[in-house]
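[1] Provided below are the primary sequence and the corresponding predicted coordinates.
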Protein chains: 2
Amino acid sequence: MHQLIERMFLATFPHPALAARHDGAVLEVPGARLAFTTDSYVVQPRFFPGGDIGSLAVYGTVNDLAMCGARPLYLSLGLILEEGLPMEELWRVVQSIGQAAVRSGVEVVTGDTKVVERGKGDGIFINTAGVGSLRDGLDVNPSRIRPGDVLILSGDIGRHGAAVMAARGDVEFPDPIESDCAPLSGAILDLIGRGVVPHCLRDLTRGGLATSLVELARSSSTTVEVDEDSVLVDAPVRDACELFGLDPLYVANEGRFIAVFDPADADSALEVLRQRAETPRATVIGHVRRNAPENPDEADQEGIVIMRTRYGTERVIDMMSGEQLPRIC
Amino acid sequence: MHQLIERMFLATFPHPALAARHDGAVLEVPGARLAFTTDSYVVQPRFFPGGDIGSLAVYGTVNDLAMCGARPLYLSLGLILEEGLPMEELWRVVQSIGQAAVRSGVEVVTGDTKVVERGKGDGIFINTAGVGSLRDGLDVNPSRIRPGDVLILSGDIGRHGAAVMAARGDVEFPDPIESDCAPLSGAILDLIGRGVVPHCLRDLTRGGLATSLVELARSSSTTVEVDEDSVLVDAPVRDACELFGLDPLYVANEGRFIAVFDPADADSALEVLRQRAETPRATVIGHVRRNAPENPDEADQEGIVIMRTRYGTERVIDMMSGEQLPRIC
């Protein structure tokens, strides 16, 4: 099994650091500013329309690097396998990791596999950590959010969560919903390369758009106003969410992000994003303003998110308490 | 739970990158040569004499960086928790991670927590990935091993495996065996700082001394000769191994390494190591020579390990087939 796994990895991930079979990878990174991130992936089921736990483990970590404004370069890969996992399933996942790495322009350079007894795991758990390089002087960070900034949402929401929920259940959907699972670094690097530098970026994974907006508002101590009508949820996703009793605002995405721009940059940002295959439906969904301490809702120094509904009313969007969908990523 | 875990982490790991609650950590690394490594930890039981899954997850990854000759700088921390894990146990592990990080001179800068249902995990699984910086021109690598090189073993072997096995079983030991679990980067950086640069380093984790020696011989296509008598196994460890039916040569260590030196450097290396608290019993255990193709055993181009027994005979040491002790790290 040890040899089989080793051959599997060496065949899929060509970086010489892996073939050297050393304890770690030695890497040359242009410049000395790095982004470093990690995520574990426990999604259930492991295969779903539009992706699987392998591609998710690559794109999820690549996207976290992209959200720092970094160019993703290297991934580590830690697998925890449950005894009895069919080798062909592992092979399928490893192949998917390899393809996703190529698509994202990253290399898997170091890895580890542990096996636990049957009933002490659940097929495959994957951890990826990622290292990316950051341009000198680039600072993409919630603390840079300013009143007046414009919020751009990169596409429609709710696909990943709806796709995984649909893949779990016994309900047959006429048109299977595909996860939006995709690498976002190309779009972000394109923006930065053209001088359209976002103040902040956030992908919309666990907890969905709502949670990301609340996090941004809180960490910048601002009020974020969003127009409900401008937030795209496609009809099949909306239907599936209704069926599952989910609010699409809180459903996880794996290929969508919020970018916060200076108002002067918003048009250029939209133009860049709409020309790209990943983000043709990028759209402005709201803006940032100062907290209004005279308003009891906004006295909260942590920041607040207000949604203008399609009926002209306003509601305060809160973070989800607990996890709406366990093991969605 | 989300808030509780967040508070737990922020209280234990002070690096500002974590407190920024961004998707990844932005780091300044002196120089642009990096080492990058990852390991998952599934050790059972989670607490054992001399350590626990938390300290193991720090030292294991720190040591993999040290084995590249790197100065360990940053860790990522990915936890997969099983529903129902007592929070006080998680807290104990997180505290242990914090203390081990301080002791190793590394900072936890990014992290992630996933929760799986009861029966789909086993309490706590930990993944750490580590980033370290490498001095310009430093090349510590199996390909640098040369015939004539001397092998130094940093201390006695078998402690970690024996400690974990003892902690698992119902057998009461008069003197509990403590794991050798410890950070090795101090000793390695001391050697390198004094100009006593090893050709290659390898820690003796899964598969023990025997497996590490076979890996070194194979990746350098040499013959490694070791004197059995020079390999220290303390009496309580030897007794425990006998009781469990284990060969100490194959038992995992978490604070021991093999260093391969040019013969001219061997005495200085011993002098440096013996002055350090982690490696007072460092000793020469053998040397490297060319494969002798006229010997059918050594015709194998992959390299070979020969042990001279205390009875004057020779035996070929092979890699273990399969895992001797599952979930030992």
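    Thanks, I have the structure now.
[2] the strands in chain A, which residues?
    Under the criterion DSSP state E, strands of chain A are mapped to A:25-28, A:33-41, A:47-48, A:51-52, A:71-82, A:107-116, A:124-133, A:150-153, A:200-203, A:222-227, A:257-261, A:283-290, A:304-308, A:314-317.
[3] How about the residues of the stretch 101-250 of chain A by chain B?
    Residues of the stretch 101-250 of chain A found near chain B (CB under 8 Å from any CB of the partner chain) are A:109-112, A:114-117, A:119-122, A:125, A:127, A:129-132, A:134, A:141-143, A:202-203, A:215, A:219. (Each C-beta comes from the backbone N, C-alpha and C, glycine too.)
[4] Contacts only, for A:Arg218.
    Contacts of A:Arg218 were listed using CB atoms under 8 Å, 6 or more residues apart in numbering or on different chains, and they are A:Glu302, A:Gly303.
[5] Report pLDDT for it.
    Model confidence at A:Arg218, given as pLDDT, is 90.
[6] go on, A:Glu242?
    For A:Glu242, the predicted pLDDT is 93.
[7] and chain A, what are its domains?
    Under the assignment automatic domain parsing, the domains of chain A span A:2-133, A:142-317.
[8] quick one: the first one to chain centroid distance?
    Translated: domain A:2-133. In terms of CA atoms, centre = their mean, to the nearest Å, the centre of domain A:2-133 is found 16 Å from the chain centre.
[9] residue boundaries of the helices in chain A?
    Ranges of helices within chain A are A:2-12, A:16-19, A:53-67, A:87-104, A:159-168, A:185-193, A:208-220, A:235-244, A:266-274, based on DSSP state H.
[10] got the contact list for stretch A:164-178?
    Counting by CB under 8 Å, 6+ apart, residues outside stretch A:164-178 touching it are A:43-45, A:47-50, A:159, A:162-163, A:179, A:236-237, A:240, A:243-244, A:246, A:252, A:325, A:328.
[11] For it, could you pull out the residues that count as buried?
    Within stretch A:164-178, the residues that qualify as buried are A:Val164, A:Met165, A:Ala166, A:Ala167, A:Phe173, A:Ile177, A:Glu178, counting by 16 or more other CB atoms under 10 Å in any protein chain shown.
[12] just to revisit the earlier point, tell me which of the helices of chain A sits most buried.
    Greatest average neighbour count among the helices of chain A goes to helix A:53-67 (a mean of 29), per mean count of other CB atoms under 10 Å in any protein chain shown.
[13] Please save the CA atoms from it in PDB.
    Provided in PDB are the C-alpha atoms of helix A:53-67 (Å, rounded to 0.1, in the frame of the first residue of the first chain):
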ATOM      1  CA  ILE A  53     -13.300  16.500  -2.300                       C
ATOM      2  CA  GLY A  54     -10.000  16.600  -4.300                       C
ATOM      3  CA  SER A  55     -10.700  19.500  -6.500                       C
ATOM      4  CA  LEU A  56     -12.300  21.300  -3.500                       C
ATOM      5  CA  ALA A  57      -9.100  20.800  -1.400                       C
ATOM      6  CA  VAL A  58      -7.100  22.500  -4.200                       C
ATOM      7  CA  TYR A  59      -9.400  25.300  -5.100                       C
ATOM      8  CA  GLY A  60     -10.400  26.100  -1.500                       C
ATOM      9  CA  THR A  61      -6.800  26.700  -0.500                       C
ATOM     10  CA  VAL A  62      -5.800  28.400  -3.700                       C
ATOM     11  CA  ASN A  63      -8.700  30.700  -3.200                       C
ATOM     12  CA  ASP A  64      -7.700  31.500   0.400                       C
ATOM     13  CA  LEU A  65      -4.300  32.600  -1.000                       C
ATOM     14  CA  ALA A  66      -6.000  34.600  -3.800                       C
ATOM     15  CA  MET A  67      -8.100  36.400  -1.100                       C
END
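[14] And that helix, what does it pack against?
    On a contact count with 3 or more CB pairs under 8 Å, 6 or more residues apart in numbering or on different chains; DSSP states H and E, helix A:53-67 meets strand A:33-41, strand A:71-82, helix A:87-104, strand A:124-133, helix A:185-193, strand A:200-203, strand A:257-261.
[15] All set now, cheers.
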